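In: Build me a structure from this.
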Amino acid sequence: MIRIRNISHHAEVVKVSLGTVRLPHQNHIRIYTGDVATSTTPVVLETILGSCVAVCLFDPVLCAGGMNHILLPGNPNDPRSTRFGVNAMELLINELMKQGGDRSRFIAKAFGGASIVEQMHALSIGSENARFVREFLATEKIPLRAQRLGGTQPVHLNFRTDTGKATIHTVDGSDLHNVVWEEETYRRTHSADKYSSGEITIF
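Out: The predicted model follows:
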């Protein structure tokens, strides 16, 4: 299921393909696996990443940005699902352009791709996700201005759509099991689709 969030200019509601919901307090929007969100109004997009990756795009002239949450690099069996890299990236770019963004001005920041549980194949998945993001952005000539890809710890990411500022902090050990469980459960739930606490502030 594809969930596209286009945040209105009034910053009062989030328009989702599944319906319309009220913005949480202080305009924080949680992004889940397969989500793509863009906004021309000041909103903080947030997500938690283990071996998954998120790419944040920002147009510094329009002061607008967006984020996706990618499960795997690609899936030849489903050309539409935003759980997979190429689809999620193309949709993020297109949605931001629909809101007035200029592709030639886009800058990117990328996070996640950790190797958190080797026995669950997270080692290869995280590395593949990180490699995909770097190669895609290089091919599309979108500069990758900041990144925190790889490592062994999941991260909590916040991204401000009006300034392009990204803030991340590592998820502590008490939450590690939940991150692993959520990602692995999502992968297994969609197995038919598979292709057969420090803090950092980034400006």
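
In: tell me the SS of residue 114?
Out: coil (DSSP: H, G, I helix; E, B strand; the rest coil).

In: in terms of contact, does it touch residue 49 like I think?
Out: Yes: when contacts are counted by C-beta atoms under 8 Å, residue 114 is listed as touching residue 49 (7.2 Å). Backbone N, C-alpha and C define where each C-beta goes, glycine included.

In: Next, show the common contact partners of these two.
Out: The contact sets of residue 114 and residue 49 overlap at 154, 155 (C-beta atoms under 8 Å, 6 or more residues apart in numbering).

In: Tell me, how many residues neighbour residue 57?
Out: Around residue 57 sit 28 other residues, with neighbours defined as other C-beta atoms under 10 Å.

In: That one: what's it in contact with?
Out: By C-beta under 8 Å, 6+ apart, the residues touching residue 57 are 65, 66, 67, 92, 93, 96, 101, 106, 107, 108, 142.

In: Are we agreed that the fifth one is in a helix?
Out: In this case it means residue 93. Yes: under three-state DSSP, residue 93 sits within a helix.

In: quick one: it and residue 60, what's the gap?
Out: Noted for residue 93: a distance of 16 Å to residue 60, by C-beta to C-beta, to the nearest Å.

In: The two: who's more crowded?
Out: Neighbour totals were compared for residue 93 and residue 60, and residue 93 leads with 22 against 12 (other C-beta under 10 Å).

In: among the contacts of residue 57, who's most crowded?
Out: Top of these by neighbour count (other C-beta under 10 Å): residue 65, with 32 neighbours.

In: For beta bridges, what are the partners of it?
Out: residue 39, residue 58 (DSSP bridges).
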